[in-house]
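Undergrad: Test case, fold it:
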Amino acid sequence: MVPETRTDKTMAGMQQYFYKQNRLKLLRAFCSAVQLGSISAAAERLFLSQPTVSLQIQSLEREMDATLFERHGPRIKLTPEGEVFYRLAQPLLERFNKLEQSFRASIGKLDGGELSIAAGESTILYILPQFLKIFVSSYPGVKLNLLNVTGRDGMNLLRSDDADFAVGSMINIPDDMVYQPVWHFSPTLIVPPGHPLAEIKSPTIKQISRYGLILPPRHLATWRVIEAEFEKHDVKLNVSLEAGGWEVIKRYVGCGLGISIVTDVCLNGNDEVIRKPLLDYFPQRSYGVVVRKGKFLTPQAKRFIDMIDEDFFKNEIFMQEAGID
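TA: Numbering: from 1, shown residues only. Next up, the predicted model:
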C-alpha cells in the first residue's frame, strides 16, 4: 500500500473546499429557479447562461440522487422531493447571504445591510411614515427599499425573497404566508359638504345606492367587499367613477363628483368631506405584517417589525407554526 503523502492530504482538502464552494452555486441556481419559476429567469438573475444553470441543477439532482423538477418544455415544477429540498435549502442559503449583516448585528453593529419592505399605497402614505422616520434616524447605515405594490405582486416579492416582509391589509391569507394584524380601522362613508346624505346620521345601504360611488379599481379587494354587502341587501352597486388611490378619491368627493366608502386610515382633519360610520354594514379592516412561512428574517427586518409590533415575536406557538427564524 502506498502511504498517503502531505500533498495527497492537501489536494483532498482543496477538493473538499471546492466541493463546498460548488454546492453553494448549485443551491443558488436551484433556489432562484424555484422562486422565478424558470431556468432562463434564474440564469438572468445570476448573470449566467441558461445551459450553465441547467447543468448546475442537474448536478445537484445527481448529488441528492433525486429528481427535483418536473420539466415541461420551458416550464418547471417542483416534484414532492424538490419541495422538501427547497424547504431545507432556502433558509440555509438566506442565512449565508445575510451572514455579514447578521454577524455585525449580533455584535451590536446594526450599521449596514439592506431592508426591503413591500406595501400598498395607503400603507406607505398613512401608516409607515412614523416608523420609517424612527428607523432611519436610529440606523442611518441601513439601506431601505420601499416597494410600492399591492396584493398578488406583494406576495410574489415575498416568495422570491425580493422583499423581507410586507405591511398592509389582508382578507384572504395564502397558505405559505403568515399575517399578524396590528391596527384596525373603520369603514366610513364620505360625502361632500351639502350632500343629501350629510344630513342623515346613519345612512343605509339602500340610501347610499341612490348616488354614484367613486371606488378603487374593481380588481382590488375593496370593490369585492362593498359589492358583496350591496348584494346582501338586494341593491345594485352604483359606481360612477373608478379612481386609483384614497387621496384622489377624497379629492374627487370633496369636489362633488360623487361619494365613496373608504377605510378611515386615510382620513384626517384636513379632508373637505363629511364622514359617516358604516360599522353596521362592514367590519373593521386590519393592517399588519405579512411574512413568508419559513422566512429567515435579518436583524434589520426583526428590528423594524419589533418597532411596529413589540408582541410579534413573543407568541412562541405562532412562531413555531410559521417556521419564522
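
Undergrad: From here on, just use CA atoms for contacts and neighbour counts.
TA: OK.

Undergrad: got a list of what the most centrally placed residue in the chain touches?
TA: For the chain, residue 166 is the residue whose C-alpha lies nearest the centre (CA atoms, centre = their mean; 3.5 Å). By CA atoms under 8 Å, 6 or more residues apart in numbering, residue 166 lies in contact with 117-119, 154, 158, 289-291.

Undergrad: if we take the residues you listed, which one ends up nearest to residue 68?
TA: The nearest member of the contacts of residue 166 to residue 68, counting by CA to CA, is residue 158 at 21.9 Å.

Undergrad: So that closest one versus residue 299, what's the distance?
TA: From residue 158 across to residue 299, the span is 17 Å (CA to CA, to the nearest Å).

Undergrad: Those two: who's more crowded?
TA: Neighbours of residue 158 and residue 299, each counted by other CA atoms under 10 Å, are more numerous for residue 158; the result is 25 against 19.

Undergrad: So what does that one have for phi and psi?
TA: phi -70, psi -40 (degrees, to the nearest 10).

Undergrad: What's the separation between it and residue 41?
TA: 17 Å.

Undergrad: do the same with residue 150
TA: Distance from residue 150 to residue 41, by CA to CA: 23 Å.

Undergrad: for residue 241, same thing?
TA: On the measure of CA to CA, residue 241 and residue 41 end up 39 Å apart.

Undergrad: what do you get for residue 128?
TA: 32 Å.

Undergrad: what do you get for residue 254?
TA: Residue 254 is 46 Å from residue 41, by CA to CA.

Undergrad: Likewise for residue 200?
TA: 57 Å.

Undergrad: Between those two, which has more neighbouring residues?
TA: When neighbours are counted by other CA under 10 Å, residue 41 comes out ahead of the other of residue 200 and residue 41, with 16 against 11.

Undergrad: I'd say that one and residue 34 touch.
TA: No. Counting by CA atoms under 8 Å, residue 34 is not a contact partner of residue 41; they are 10.1 Å apart.

Undergrad: that older thread, list only buried entries from the contacts of residue 166.
TA: By neighbour count, with 16 or more other CA atoms under 10 Å, the contacts of residue 166 hold 117-119, 154, 158, 289-291 as buried.

Undergrad: now, which of those residues lie within helices?
TA: Secondary structure from DSSP state H places 154, 158 of the buried ones among the contacts of residue 166 in helices.

Undergrad: In the chain, where is pLDDT below threshold?
TA: Low-confidence segments of the chain, defined by pLDDT under 70: 1-21, 101-111, 317-318, 321-323, 325.

Undergrad: just the helices in it please.
TA: Along the chain, the stretches classed as helices by DSSP H are 6-36, 39-46, 50-64, 80-97, 99-106, 121-126, 129-138, 151-159, 205-208, 221-232, 246-254, 299-308, 316-322.

Undergrad: so which of these gets nearest residue 284?
TA: The nearest among these, by CA to CA, is helix 221-232 at 11.8 Å.

Undergrad: Mind listing residues that contact that closest one?
TA: Contacts of helix 221-232 (CA under 8 Å, 6+ apart): 171, 205, 215-218, 236-237, 281-282.

Undergrad: Quick one: which of those residues is the most crowded by neighbours?
TA: residue 215 leads the contacts of helix 221-232 on contacts (other CA under 10 Å) with 24 neighbours.

Undergrad: Not counting residues beside it along the chain, what's closest to it?
TA: Of all residues not flanking residue 215 in the chain, residue 242 sits nearest, at 5.1 Å (CA to CA, 6 or more residues apart in numbering).

Undergrad: just checking, that neighbour touches residue 212?
TA: No. Look at residue 242 against residue 212 with CA under 8 Å: they stay out of range, at 10.6 Å.

Undergrad: Who are the contact partners of residue 59?
TA: So residue 59 contacts residue 26 (CA under 8 Å, 6+ apart).
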